[in-house]
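[1] turn this into a structure:
(chains A and B)
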Amino acid sequence: MYIKLTNGIVYDPVHGINGERRDIYIRDGYITRKPSSNTKIDKTYDLKNKIIMSGAIDIHTHIGGGKVNIARMMLPEDHQADLVSRTELTRSGCGYAAPSTLTAGYRYAEMGYTACFEPAMLPANARQAHMEMADTPMVDKGAYAMLGSDDFFLRMLASKKDQEAISDYVGWTINASQALGIKVVNPGGISAFKFNQRQLELDEVNQYYGTSPREILIALARAVTELGIPHPLHVHGCNLGVPGNMQTTLDTIKAVEGMRMHITHIQFHSYGTEGDKNFSSGAAEIAEAVNKNPNISIDVGQVLFGQTVTASGDSMRQYAGHWHAHPKKWVVMDIECDAGCGVVPFKYKDKNFVNALQWAIGLELFLLVDDPWRIFLTTDHPNGAPFTSYPHLIRLLMDRSFRNDMLSTINKDAAIASTLSSIDREYSLYDIAIMTRAAPARSLGLKNRGHLGSGAVADITVYSNNKDKEKMFSKPDYVFKDGEVIVRNGKITKVVQGATHTLRPEFDSGIEKSLKRYFDNYQAISLGNFKIDDDEIVEHGNGKIIVQPCT
Amino acid sequence: MVKKSNSTAAITREVTCPFCGILCDDLVIQNQNERLSILENGCPKAIAAFEGEVSVNSPKLKGKKVSLDEAINAVCQILKKSHTPLFAGLASDAGGIRQMMHLADNTGAIIDHMHGDALIRNTLVLQDLGWIMTTLSEIRNRADMIIFAGTDTTNFPRFFERVVWNKQSMFKLKNDQRQIVYIGDKLNTKPGINPNGKRPTVLNCKNEQIGEVISSLHAMVAGETINTKEIAGIKTKAVEALAEKMKSAKYGVIVWSPAELNIPHAELTIQNFCEIVKYMTRTTRFAGFSLAGNDGATTANSICAWQSGYPLRVNFNKGYPDYDAHRYSTHNVLKNKEADALLWINSFNSIVNPPRASIPSIVLGTPETKLKFKPDVFIPVSTPGVDHSGQLFRTDSVVALPLKQVRQSPYSSVDSILKQVIERM
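    You can find the predicted model right below:
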């Protein structure tokens, strides 16, 4: 069966297509070359003057796993004004900052997203993360396994095990937890907090293991490289939210010695200490370092004003931040000598100096980093703002006068302290197509996604161009998933399940011998039951697994 | 996984026991002609549940035997006629609960678990204050002080064996360095004696007074003096001594069991635990730990939260989820006649039975279920983790474990029955 999308204006950065009128052909869920002239076209969509991009991809969004579920349970007040009724097609749900899984899947699809990646899957909690992702319909998903504060890894590092053994363990973890990448959060800091350390600098050691965040970063970045994991080590650095942490971030960039690294929600790590309030923007310095180091990619973690909830694996920093909880309740957990989490509701206020400057710092970063292939659009959902604010964020990037209008409403001192008003740059549709499609797909190693060339999966979003980019990106005309229309005029027309993307890096299975001994001696779960079988995702989750190749 | 040692006996290792919230997963189970015996690591609860004989039973309409097909059709008829059904019991695995949620959404049901009263004692605290919590492996390896408040873990028979008295721990914590404290009434404190004979600290008081003891400890660790000789019948000096020990603990854990704190406004006592844990964490490390999750309670609560947005006690009748921890209890819904049909699910045991209600009743129960009344529909169901594979959440709401099939069952799973109901409606 052939489907033809005709007369649309195509943005496909992978193929250098920047707003050209092109026809797109779909066959059996994939984009294909133009068939011979006598081939029957079963359905044609006339998309005259419509904008066509591949389906959007969110590289960092907390959609599944324990901490989000804690946020849901803790915050009925988040849900009560945001109730979603069931329809003939869709299930009911609710939630603004911490929506139910089904509601999150529907909302993503209705915004033109076709894939979302959970960035902080604790191996000990991976089974839940996969269950929640299986209950997130419409989109493809996947997750990065969190390492770096887990006891097994830290004792390997402390006892100077060779890199090969560490890489075997990292490879085993990816397989056992069905992950698509590796993330490290406050390297070693989650563990240090359990030993009652309250902060951890890049070169400060964990008092039990004697390991520093720098050593952890290097060991994990090497493992990711050696295993051929497409996505670089996904790093939530030390000192999140601490004024002056810009220097930590600059040092972290240097620490990996040219190895590839993705620094996530970098806005929360770009703070200086200048000014009366000892809080200032480090965006210029950070952007300069990113521009100069082609091995580095980032996502921003933009703050937008309003009530949200912060949910993070960084129990150390979340504990420190709990004094600012709004409303005044919060959760911190220590988890299985593996990791931890902290959930702190937060309200970003436009008239508050620090919050307003956080907003400006995020935008400065977007506008000062030159290469849209190395910067991805995120709010670190729900930490900076819920993902439903992406269209608003896109407008801030594409529309300078709108941005300056917003700037004039925020805290005056923050507006003065920011360089934002002097930045003229406006993102183009081509830039947006890079940062929300082509670049994240490339970064994750999803070769047949994020573009519209022959062989790509037919995940396609069609928009009506509009001067108001917020309106344009809020409500696509069509969303195709695997070649089927799933959304029409911003509303679900067909419910699909989406697949789970994983990797199967090779490793020496000899590592299981020491792991077996370790689990038997110390853990409250056996090694065999720690691992997640394909069946659990496919049979019990009604899902599908797509194994992406390692390089 | 099933290894046949001869033509009739098969042995399965690393079996997860679904019969309490700790989910021990080291059981070795032998199947001989579909009769099970636990070869290693059984506790009395597990032995009773795995080794019991499976009754012969069949689907019934008002006590009259029918085919499964007819019974499922009758379920559909009752639910179609119902304006607001109540789904209660909810003792099932992740698969069963996922289908139950779907059916509840489709039919506009009110849902509550058989341990709903216990569940909400914690939920109310989470929603009011939040907390600092920990998990089994952290306690096992890290806790140098464990305070059992109102529980002796009897309902979780292997807690001390699996978590407290270890041969080895990650951080070289020795059993003698681990202080065990009990606060409460009529507790069996023997398991708290360490393998070298060191006795635990025991503060005896009624469950209703545990909050008073904890609040006093809180005042003392915060530097206040209490000018009474006794607190809840305990010598103030003994409470002061405990406060001093708490201050020197490196990783203290307060363990409670919400079901066993069966007192009015137990959430206030749990709130006391969470407040002192937070206060202690300003200077040292402390955490709470809730012993619960029997009969799939944690599983039902977690899945309800991610699928509906709210933890348990939700009403789907308005088309969207409506959460109310009190109004939608099984007891209140039946008392206030808010439901016009009852679907009861218990796939783990025949001990907890459905309330007798004057509305059409559907019971999905184990084949051993014996009721004092004849429900409109009874369907015998298989047990997750024995008769079929699946997944369950451990008491800490963090770790979920896979369940294995160790026996062939003639009965269908809750998952498959509810799936058929959804398809036929």
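
[2] so which elements touch the host helix or strand of A:Ala104?
    Using DSSP states H and E, A:Ala104 sits within helix A:101-110. Helix A:101-110 sits against strand A:93-94, strand A:478-481, strand A:484-488, strand A:491-492, helix B:297-308, with contacts defined as 3 or more CB pairs under 8 Å, 6 or more residues apart in numbering or on different chains; DSSP states H and E. Any C-beta I mention is one placed from the backbone N, CA and C, and that applies to glycine too.

[3] which residues sit against the third one?
    By that I understand strand A:484-488. A:29, A:109-110, A:112, A:138, A:476-480, A:492-496 (CB atoms under 8 Å, 6 or more residues apart in numbering or on different chains).

[4] circling back: can I get the CA coordinates of the helix holding A:Ala104 in CSV?
    Only the C-alpha atoms of helix A:101-110 are listed here, as CSV (Å, rounded to 0.1, in the frame of the first residue of the first chain):
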residue,chain,number,x,y,z
THR,A,101,1.2,7.6,31.7
LEU,A,102,-1.6,7.2,29.1
THR,A,103,-2.3,11.0,29.2
ALA,A,104,1.4,11.7,28.7
GLY,A,105,1.5,9.5,25.6
TYR,A,106,-1.6,11.1,24.1
ARG,A,107,-0.3,14.6,24.8
TYR,A,108,3.1,13.9,23.3
ALA,A,109,1.5,12.6,20.1
GLU,A,110,-1.0,15.5,19.9
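
[5] and the next helix or strand past it?
    strand A:113-121.

[6] gap between that following strand and the chain center?
    6 Å (CA atoms, centre = their mean, to the nearest Å).

[7] work out which residue lies at the spatial centre of chain A.
    Taking CA atoms, centre = their mean, the centroid of chain A lies closest to A:His60, which sits 0.4 Å from it.

[8] you'd agree that one is up against A:Thr379?
    No - using CB atoms under 8 Å, A:His60 is not in contact with A:Thr379, being 9.0 Å away.

[9] need the residues touching each of the two.
    Joint contacts of A:His60 and A:Thr379 (CB under 8 Å, 6+ apart) are A:Gly301.

[10] mind telling me what element B:Ser37 is part of?
    With DSSP H and E as criterion, B:Ser37 is part of strand B:35-40.

[11] could you say what helices and strands that strand packs with?
    strand B:27-32, helix B:44-51.

[12] quick one, domains of chain B?
    Chain B breaks down into these domains under automatic domain parsing: B:60-115+B:296-387+B:411-424, B:120-292.

[13] go through those domains and name the closest to A:Ala223.
    For the domains of chain B, the distance to A:Ala223 is smallest for domain B:120-292, at 21.9 Å, taking CB to CB.

[14] hmm, that closest one in reach of chain A?
    Yes - interface with chain A: domain B:120-292 contributes B:123, B:126-138, B:140-142, B:162-163, B:167-171, B:250-251, B:281, B:284-285, B:287 (CB under 8 Å from any CB of the partner chain).

[15] now the buried members of those residues.
    Neighbour counting with 16 or more other CB atoms under 10 Å in any protein chain shown marks B:123, B:126-138, B:140-142, B:162-163, B:169-170, B:250-251, B:281, B:284-285, B:287 as buried within the residues of domain B:120-292 next to chain A.
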